[in-house]
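Q: Got a sequence here, can you model it:
(one chain, ligands or ions: 2)
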Amino acid sequence: MTDQHQRQQGLAVISTSVLTLSLSTNNSNTSPPPVRIFSLRLHRSRSHAPPKPATMRPSVMRSAAQLLRRRSYSSASGQPERKVAILGAAGGIGQPLALLMKLNPLVSSLSLYDIAATPGVAADISHINSPALVKGFMGDEQLAEALEGADLVIIPAGVPRKPGMTRDDLFNINAGIVKNLCTAIAKYCPNALINMISNPVNSTVPIAAEVFKKAGTYDEKRLFGVTTLDVVRAKTFYAGKANVPVTGVNVPVVGGHAGITILPLFSQATPASNALSAEEIKALTKRTQDGGTEVVEAKAGKGSATLSMAYAGAVFGDACLKGLNGVPDIVECSYVQSTITELPFFASKVRLGKNGVEEVLGLGQLSDFEKEGLESLKGELKSSIEKGIKFANAN
Ligand SMILES: NC(=O)C1=CN([C@@H]2O[C@H](COP(=O)(O)OP(=O)(O)OC[C@H]3O[C@@H](n4cnc5c(N)ncnc54)[C@H](O)[C@@H]3O)[C@@H](O)[C@H]2O)C=CC1
Ligand SMILES: O=C([O-])CC(=O)C(=O)O
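A: Numbers count the residues shown, from 1 in each chain. Ligands and ions are numbered 1, 2, ... in the order given. Next up is the predicted model:
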């Protein structure tokens with residue numbers, strides 16, 4: 001199955017769920033089918049259980065609960081039950097992302113964590129008549145419960161850019177936030193897949209890797225930098241210029257997620273277009289690389305991309321869940337540990353599976369322009385990676 005088919009399948013899931021939603025809203029006599037909520041039962045039985053034997057450590061209990069959860073299935077959908085946690089869920093990205101994940105039929109439990117405002121966001125979203133059970137968590141003391149048993153943790157926590165800033169200017173604040181959250185993830189849900197949205201992604205992913213290595217929980221297959229918004233933009237801009245229907249377009253975007261490290265491979269775009277000149281390809285590349293800045297400037301001090309990012313995050317999260325559930329040939333671009341160049345982290349097409357990354361796909365045939373772009377991005381990407389690693393090990 002091609003990427004394009006996969007993407008269409010992903011969209012189909014979201015739109016099917018919206019359709020289901022509107023159908024059941026139109027017919028108030030139709031109550032949603034019962035869903036067995038295993039996490040709730042576990043929780044209840046734990047609180048009424050006799051004291052634990054001294055040998056049963058909390059980490060063992062947690063692993064057992066996680067294993068059991070992996071084997072539990074929703075009787076309504078036949079899908080495995082999946083808990084998704086969003087950290088930074090009350091923010092500009094967090095809220096619409098929480099909404100989209102609430103609509104995703106693969107999600108059975110949605111855990112919304114932030115340092116503030118999550119009770120309101122959770123109460124609001126929980127009224128939507130889709131199957132996912134929503135719970136809000138706020139502050140350090142509730143982080144453990146927010147994470148326990150999570151299959152997928154999506155992290156849009158941290159500050160966004162203002163005009164004139166680079167993503168790297170966010171490092172000083174966001175590096176510490178990501179480090180603390182990843183320390184908690186290593187403790188409470190070490191087997192979860194991590195989707196890192198917080199910027200600068202080129203550095204926050206290496207930070208997460210170092211934190212997990214120190215904790216002894218690192219599995220390179222489970223850590224993803226979310227670069228889907230670059231793909232979303234490349235598709236939109238290409239479709240506009242090549243004058244082809246946007247829904248059928250696919251464009252791989254490789255490298256990293258900042259400025260020139262974002263390298264769209266328009267030579268591999270499908271459907272191919274012979275109508276685009278070298279100058280037009282150059283302009284499309286620049287627009288994709290500057291897409292984030294375009295939004296930051298248009299928002300004029302009120303943050304960066306939130307709605308398109310929530311969409312992109314929901315597409316990537318959905319792909320990860322499909323992979324976990326064993327759906328074959330799920331391929332998305334993502335910034336992962338990689339050996340396809342000399343850099344230790346690199347974004348490229350990745351095949352997703354039951355353990356996360358199943359295969360990091362190669363770059364394919366590049367045009368001369370793309371080969372040049374690849375060489376020019378390596379220096380910046382390398383130093384962003386090193387900066388993240390140094391921070392994680394010094395703090
Ligand atoms: N990977 C990508 O393609 C993109 C990444 N981003 C990045 O996503 C991040 C979030 O952006 P927005 O949602 O617009 O920002 P925002 O400021 O609207 O929301 C961030 C949320 O994180 C929360 N937060 C802060 N510290 C936290 C902590 N320790 N634990 C949990 N939550 C915490 C805040 O309370 C806030 O609700 C930024 O770093 C931004 O640069 C934004 C767009 C695209
Ligand atoms: O540009 C930013 O700061 C946010 C971001 O990563 C994007 O929109 O691609």
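Q: And ligand 2, is the longest helix anywhere in the chain touching that?
A: Identified as the longest helix of the chain according to DSSP state H is helix 368-394. No - on the criterion CB under 6 Å from any ligand atom, helix 368-394 is out of touch with ligand 2, staying 13.0 Å away. For the C-beta atoms, the positions are set from N, CA and C on the backbone; glycine is no exception.
Q: wait, what's in contact with whatever residue of the stretch 251-395 of the chain ends up closest to ligand 1?
A: Nearest residue of the stretch 251-395 of the chain to ligand 1, counting by CB to the nearest ligand atom: residue 309, 3.9 Å away. With contacts taken as CB atoms under 8 Å, 6 or more residues apart in numbering, residue 309 has the following neighbours: 93, 97, 156, 197, 229.
Q: where's the second one, which helix or strand?
A: Secondary structure assignment for residue 97, by DSSP states H and E: helix 94-102.
Q: C-terminal to that helix, what's the next element?
A: Going down the chain from helix 94-102, the next helix or strand is strand 109-114, by DSSP H and E.
Q: what helix or strand is the closest residue to ligand 2 within the stretch 251-395 of the chain on?
A: Ligand 2 sits closest to residue 292 of the stretch 251-395 of the chain, with a gap of 2.2 Å, by CB to the nearest ligand atom. Element membership of residue 292 [criterion: DSSP H and E] is helix 291-299.
Q: How about residues contacting that helix?
A: Residues contacting helix 291-299 (CB under 8 Å, 6+ apart): 160-163, 165, 167, 229-230, 233, 237, 287, 303-305, 308.
Q: okay, now the residue of the stretch 51-200 of the chain found nearest ligand 1: neighbour count?
A: For the stretch 51-200 of the chain, the residue positioned closest to ligand 1 under CB to the nearest ligand atom is residue 91, at a distance of 2.0 Å. Residue 91 is flanked by 26 other residues according to other CB atoms under 10 Å.
Q: if I look at the closest residue to it other than its chain neighbours, how far off is ligand 2?
A: Closest residue in space to residue 91, ignoring its immediate chain neighbours: residue 156 at 6.1 Å, by CB to CB, 6 or more residues apart in numbering. To ligand 2, residue 156 is 10 Å away according to CB to the nearest ligand atom, to the nearest Å.
Q: low pLDDT regions in the chain?
A: The chain contains residues with pLDDT under 70 at 1-77.
Q: which bits of it sit near ligand 1?
A: Residues of the chain found near ligand 1 (CB under 6 Å from any ligand atom) are 87-88, 90-94, 113-116, 156-161, 170, 174, 177, 180-181, 197-199, 201, 226, 229, 257, 303-306, 309.
Q: again, 5 Å this time
A: Counting by CB under 5 Å from any ligand atom, the positions of the chain adjacent to ligand 1 are 87-88, 90-93, 114-115, 156-158, 160, 177, 197-199, 201, 226, 229, 303-306, 309.
Q: Show me just the buried residues among these.
A: Buried members of the residues of the chain next to ligand 1, scored by 16 or more other CB atoms under 10 Å, are 87-88, 90-93, 114, 156-158, 160, 177, 197-199, 201, 226, 229, 303-306, 309.
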